[in-house]
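A.B. asks: Attaching a predicted model along with its sequence, questions to come.
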Amino acid sequence: MDHPLNGHSRNAEAHRAMEDDSPVMGVLEKIQAEVTGMSDGEVADYIPELAHVDPDTFGIAAVSPHGRVYAVGESERLFTMQSISKPFVYALAVEERGLDDVHEHVGAEPSGEPFNAISLDERGRPENPMINAGAIVTTSLVGAGEQGARFEHIRSVLSAFAGRELMVDEQVHRSESETGHRNRALGYLSLSGGVLVGPVEEAVQDYFRQCSLSVTVMDLAVMAVTLAVGGVNPLTGERVVSQRTARHALSIMSSCGMYDRAGEWGLRVGIPAKSGVSGGILASAPGAFGVGVFSPPLDDAGNSVRGVAALERLSDDYDLHMLQTPSEPPSPVHSVSRSGGTLDVRLCGEIDFLAAEQVVSRLAEVIDDSRVRTVTVELEKVSGFSDAARTLFAAELDELAEAGVDTAVSDPRGVRHG
């Protein structure tokens, strides 16, 4: 078998160097020690090929927004994506067709039912893209053209998310195809409702293939962080999907990614995630880490027992819950100084709407200070501006000008205009 990292770009391989001496490794090792003794759960056997895996296998990996890689356990063991492929194919469909068109075919509400349930809304759409019926419909929406081209397109995009070429486990694909009659039935129900595009068997076969793509926990962590940071793979530097599409995928994962345990997951873990019946879980902490976990024994909802426990500990102990709030919002103002009638304001970090509100509130005070006739704003330490922040900032500069205050903006890297 080829080494699972073969096929990476040279840049990706360089970034994948393990951070062996980091305290983050100690965090992952502690979590591994806490969960590997758990003996609950059963390995999936409704896909016969999945029943052969060693139930004691455990691996966990995390990747930072800057491409730093941390992994413990069996981090290079290959396993198939199964349902973890769903949010990425959903992102691809949204990127190609737009959000509204995709959701003419599939809903966006948690089903509260098992992943393979017959779950259709009043319009005949599957409840969401993360259950099997919705995922088959979503796969049918991707691409067009000759038979086989759609799956190669899916494989190419999922490979871009992972930063290396992903390949199909042909034995698992054959096993799924020979036993996947319920999925075929879900496809025909969706076709009868007018929401599945094209022949059912072609859509189902491409769905089986995407589920049979082989990954490692490091692949999952890279894919997760690519969504977490807005669609750019931090190992390769490639933009895979738009920032808005990445946000849509994270939203669906947060509400529907853990099937009929999505509510409890949101309460206890609070990280957008997707599980698969091979035993993998992918979790994307927005703006923070991407995490991949693999441990085959599943609970009765189809989620990895040790994987759920590991991510709950990681979220709870290290403040990765997406609703965790800082005790005080970070200030975008690096420094303020005054010389005569000139006020110099230096900003830093990412300027979003909240940060911009703090800045414009500070600048608005100048209008009532007759001693200040000139304001300079320096953006050298600013990493970016959101569109909302640009609008708010520009409006405040206009107000200062109308009040007779001269303004100058130093923006050597052009961050203010994107």
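C.D. replies: Done, it's in.
A.B. asks: buried sites along stretch 327-346?
C.D. replies: Within stretch 327-346, the residues that count as buried by 16 or more other C-beta atoms under 10 Å are 332, 343-346. Every residue, glycine included, has its C-beta placed from N, CA and C.
A.B. asks: Could you dump these into TSV and include secondary structure, distance to Leu397 and pLDDT?
C.D. replies: Below are those laid out as TSV (DSSP: H, G, I helix; E, B strand; the rest coil; distance: C-beta to C-beta, whole Å; pLDDT from 0 to 100):
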residue	secondary structure	distance to Leu397	pLDDT
Pro332	coil	16	89
Leu343	strand	13	89
Asp344	strand	15	91
Val345	strand	12	91
Arg346	strand	16	92
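A.B. asks: Output those in a markdown table, with distance to Ser386 appended to each entry.
C.D. replies: Converted to a markdown table, the buried residues of stretch 327-346 look like this (distance: C-beta to C-beta, whole Å):
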| residue | distance to Ser386 |
| --- | --- |
| Pro332 | 12 |
| Leu343 | 24 |
| Asp344 | 24 |
| Val345 | 19 |
| Arg346 | 19 |
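A.B. asks: nearest to Ala249, of those residues?
C.D. replies: Ranked by distance to Ala249 (C-beta to C-beta), the buried residues of stretch 327-346 are led by Pro332 at 28.1 Å.
A.B. asks: returning to what we had before: tell me which two of the buried residues of stretch 327-346 sit farthest apart.
C.D. replies: Among the buried residues of stretch 327-346, Pro332 and Leu343 lie farthest apart (C-beta to C-beta), at 15.9 Å.
A.B. asks: show me where pLDDT drops low in the stretch 51-200 of the chain?
C.D. replies: Applying pLDDT under 70 to the stretch 51-200 of the chain flags residues 111-119, 144-147.
A.B. asks: which residue sits closest to Arg155, ignoring its sequence neighbours?
C.D. replies: Leu166 (6.2 Å; C-beta to C-beta, 6 or more residues apart in numbering).
A.B. asks: didn't the one you found look like it was pressed against Asp219?
C.D. replies: Yes: Leu166 is in contact with Asp219 according to C-beta atoms under 8 Å; the separation is 7.2 Å.
A.B. asks: Give me the below-cutoff pLDDT ranges for the stretch 301-418 of the chain.
C.D. replies: Residues of the stretch 301-418 of the chain that meet the cut-off, pLDDT under 70, sit at 418.
A.B. asks: quick one: Ala408 is in a helix?
C.D. replies: No: judged by DSSP: H, G, I helix; E, B strand; the rest coil, Ala408 forms no part of a helix; its state is strand.
A.B. asks: Would you mind giving the secondary structure of Ser278?
C.D. replies: Assigned with three-state DSSP, Ser278 falls in the coil class.
A.B. asks: Begin at 30, not 1, for the rest of this chat.
C.D. replies: Yes, from this point I'll number from 30; that puts the last item at Ser307.
A.B. asks: quick one: it and Ala80 touch, right?
C.D. replies: No: counting by C-beta under 8 Å, Ser307 does not reach Ala80; the two are 10.8 Å apart.
A.B. asks: Could you tell me which residues touch both of those two?
C.D. replies: Common contacts of Ser307 and Ala80 (C-beta atoms under 8 Å, 6 or more residues apart in numbering): Ala73.
A.B. asks: Helix or strand: which one has Ala189?
C.D. replies: helix 178-191 (DSSP states H and E).
A.B. asks: outside of that helix, which residues touch it?
C.D. replies: For helix 178-191, contacts defined as C-beta under 8 Å, 6+ apart pick out 110, 114, 117-118, 121, 168, 171-173, 194-195, 197, 231, 234-235, 238-239, 242, 244, 248, 251-252, 255-256, 262, 265, 267, 269.
A.B. asks: Now, of those, which are buried?
C.D. replies: Applying 16+ other C-beta under 10 Å to the contacts of helix 178-191 flags 110, 114, 117-118, 121, 168, 171-172, 195, 197, 231, 234-235, 238-239, 242, 244, 248, 251-252, 255-256, 262, 265, 267, 269 as buried.
A.B. asks: residues in contact with the lengthiest helix in the chain?
C.D. replies: Determined from DSSP state H, the single longest helix within the chain is helix 416-431. Here helix 416-431 makes contact (C-beta under 8 Å, 6+ apart) with 380-382, 384-386, 388-389, 392-393, 395-396, 404, 414, 436, 438, 445-447.
A.B. asks: buried residues in that helix?
C.D. replies: 418-419, 421-422, 425-426, 428-429.
A.B. asks: That helix versus strand 435-439: what angle between them?
C.D. replies: 150 degrees (axes from the mean of the first three to the mean of the last three C-alpha atoms, to 10 degrees).
A.B. asks: What are the phi and psi values at the spatially most central residue of the chain?
C.D. replies: Centroid-nearest residue in the chain, with C-alpha atoms, centre = their mean: Leu256, separated by 3.2 Å. Dihedral pair for Leu256: phi -70, psi -40, per degrees, to the nearest 10.
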